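Student: 3D, please:
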Amino acid sequence: MTKRWLKLAAVPIALAFVAAACGSDDESGGGDTTPASEAPAATDAPDDGGDAGGGGDFDGATVTITGPERDDPSIASLNDVLGEFGEANNINIEYTGDADWEANINTQVQGGNPPNISYFPQPGKLADFARAGNLKPVTDQVNETLDEFWLDGFQLYGNVDGTQYGVPAKTDLKSLVWYQPAAFAAAGYEVPTTFAEFTALIDTMAAADGPKPLCVGIESGQATGWTYTDWVEEMVLRLHGPEVYDGWVDNSIPFDDERIQEAMQAPVDLWTEDNVFAAAGSIAATSFADNGQPLVDGQCYMHRQANFFAGLFPEGTTFADPADDSAVDVFYFPDINGDKPVLTAGIFAAAFDEDPATMAVMNYIATAEYAEKRQAAQTEAVGGGLSGYLSAAIGQDPSVYQPLEQSFLSILESAEIARFDGSDLMPADVGAGTFWSEGTSLVNGDIDVSEAASRIQASWPG
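Tutor: Model (predicted):
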């Protein structure tokens, strides 16, 4: 089981929101904001060499796609959107969602029978296949499409040793703080726009002796501690920027570096008894999924968690509705240096062959049109409301997103730096091992930050 799924194993509800919600990266860059409706026609056949059939006709070629997304709304939307593209281009496209995707993709590759394309929730696994020669680099046209619709940072983890193999297919946004606007207004609080304002607000809330400023829980079964590591990743980005973040993720900057220790200590300093409501009595005993109820019950004001958390609020919760005093909304987890970093997760498509039809599908997945149509189809598949899908592709029509989802989209579009979930990029013994366990010991007060960092660093393979 991968750590992405292990993190969420204790939460079988809201699968459409949760199934692929914990990991992705990105950086800065410019981009064309041309609406998807004005983008180049999806039926234009890419100039990938060979006989493309002309005019987007690929002579009935079949393109098979596998991936870990297997909830009904995701499968329905993928089949609808890819099927429409395939029909327009004379390609038979078959998507199969697989609960055992990680094990099965290994078996298929080893047996010489991989799909044409697969969706990868982990950039590290994509990189392993690319370095083994199993994946094919994208064509020049796909690269051009990526440059048109994606900021450089969102392309970053599909790039392996300077060659682009992956195309972003889904984005998850972690740098969010959930709150009730009406509760803020009633108490006279304003949404903070800087981290200094955020910590000052926490102090003010704590001093008011009302609801706690924060709801926090890091319990998640075998994955206990992963929500703490998300906070650390946010703080490394905010305190020290993307270069230090990248060096930390690849271990050229070790855990016991003073900058990383500073980021590890930052959430611990915020998570005091005065500042935190923990539903189970302690942060380490409180499930990460149990923070929605106390927020809507008025036991805390804020909870930092990714966009998928919308699916973990109590049934009947309304979102981003100014007319409802109980409605929940989000704001951007504020930055420190004015560089607007976001922590992300997501899924990348990568190809196992260079067939023109395969690359035509890869090219389409890279467009804003694909993202926009998938969002519309998935919203329909869930009967309206929150779809569980999100994409950072530039140029989408935001009207296909619900108001809360539009807030996610706005934060992604305004980001100047984006980085993928660091623990998902580290070796499993670290990112899904000691970083979680020693981080939990640190939160519990069993060890100090120096000892936690030293223990994690000592576990790094090699």
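
Student: next one: phi and psi at the spatially closest residue to residue 208 that is not a sequence neighbour?
Tutor: Using C-beta to C-beta, 6 or more residues apart in numbering and skipping residues adjacent in sequence, the residue nearest residue 208 is residue 187, 7.2 Å away. Just so you know, the C-beta spots here come from the backbone N, C-alpha and C atoms, and that holds for glycine as well. Taking degrees, to the nearest 10, you get phi -90, psi 0 for the backbone angles of residue 187.

Student: my guess is residue 187 contacts residue 213, does it?
Tutor: No. Taking contacts as C-beta atoms under 8 Å, residue 187 lies outside contact range of residue 213: 11.0 Å.

Student: so what's in contact with those two at the same time?
Tutor: The contact sets of residue 187 and residue 213 overlap at 205, 301 (C-beta atoms under 8 Å, 6 or more residues apart in numbering).

Student: the more surrounded of these two?
Tutor: Per other C-beta atoms under 10 Å, whichever of residue 187 and residue 213 has more neighbours is residue 213, with 26 against 13.

Student: What strand or helix carries the more buried one?
Tutor: Per DSSP states H and E, residue 213 falls inside strand 212-215.

Student: could you dump that strand to PDB, C-alpha only?
Tutor: This file holds the C-alpha atoms of strand 212-215, laid out as PDB (Å, rounded to 0.1, in the frame of the first residue of the first chain):
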ATOM      1  CA  LYS A 212     -10.100  27.700  20.400                       C
ATOM      2  CA  PRO A 213      -8.200  29.200  17.400                       C
ATOM      3  CA  LEU A 214      -7.400  25.900  15.800                       C
ATOM      4  CA  CYS A 215      -8.800  22.300  15.500                       C
END
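
Student: chain center to the helix or strand that it is followed by, what's the gap?
Tutor: As assigned by DSSP H and E, the chain's next helix or strand after strand 212-215 is helix 226-249. Between the centre of helix 226-249 and the centre of its chain there are 15 Å (C-alpha atoms, centre = their mean, to the nearest Å).

Student: Ranking helices and strands of this protein by mean pLDDT, which lands last?
Tutor: helix 15-18 (a mean of 36; mean pLDDT, DSSP states H and E).

Student: if we look at stretch 420-429, which residues are touching it?
Tutor: By C-beta under 8 Å, 6+ apart, stretch 420-429 touches 3-4, 22-26, 122-124, 156-157, 174, 226, 229-230, 232-233, 236, 245, 248-249, 251, 343-346, 430-432, 435-436, 459-461.

Student: okay, now the domains of the chain?
Tutor: Using automatic domain parsing, the domains assigned to the chain come out as 16-173+343-420, 176-342+426-458.

Student: Least confident of these, on average?
Tutor: For the domains of the chain, mean pLDDT drops lowest on domain 16-173+343-420, to a mean of 86.

Student: so how far is it off the chain centroid?
Tutor: Distance of domain 16-173+343-420 from the chain centroid (C-alpha atoms, centre = their mean) equals 14 Å.

Student: so after the helix or strand in which residue 266 is found, what's the next helix or strand?
Tutor: Here residue 266, judged by DSSP H and E, is contained in helix 258-270. Next helix or strand after helix 258-270 toward the C-terminus (DSSP H and E): strand 276-277.

Student: tell me what that following strand is packed against?
Tutor: With contacts taken as 3 or more C-beta pairs under 8 Å, 6 or more residues apart in numbering; DSSP states H and E, strand 276-277 sits against strand 212-215.

Student: May I have the strands that pair with the strand it packs on, each with its orientation?
Tutor: Here strand 212-215 has these sheet partners by DSSP bridges: strand 276-277 (parallel), strand 300-304 (parallel).

Student: Give me the distance between residue 257 and residue 247.
Tutor: 9 Å (C-beta to C-beta, to the nearest Å).

Student: mind checking the SS state of residue 438?
Tutor: Following DSSP: H, G, I helix; E, B strand; the rest coil, we place residue 438 in the helix state.

Student: Is it correct that residue 217 is in contact with residue 280?
Tutor: Yes. Taking C-beta under 8 Å as the definition, residue 217 is a contact partner of residue 280 at 7.1 Å.

Student: list residues touching both of the two?
Tutor: Residues within reach of residue 217 and of residue 280 at once, by C-beta under 8 Å, 6+ apart, are 286, 287, 290.

Student: List the ones among those that fall in helices.
Tutor: If you go by DSSP state H, the shared contacts of residue 217 and residue 280 have nothing in helices.

Student: Kindly format the C-alpha coordinates of stretch 274-281 as PDB.
Tutor: Taking Å, rounded to 0.1, in the frame of the first residue of the first chain, the C-alpha atoms of stretch 274-281 are listed here in PDB:
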ATOM      1  CA  ASP A 274      -4.500  27.500  24.700                       C
ATOM      2  CA  ASN A 275      -4.600  27.400  20.900                       C
ATOM      3  CA  VAL A 276      -5.900  23.900  20.000                       C
ATOM      4  CA  PHE A 277      -9.200  22.100  20.400                       C
ATOM      5  CA  ALA A 278      -8.400  18.300  20.100                       C
ATOM      6  CA  ALA A 279     -11.600  16.300  19.900                       C
ATOM      7  CA  ALA A 280     -10.000  13.200  21.600                       C
ATOM      8  CA  GLY A 281      -8.200  15.200  24.300                       C
END
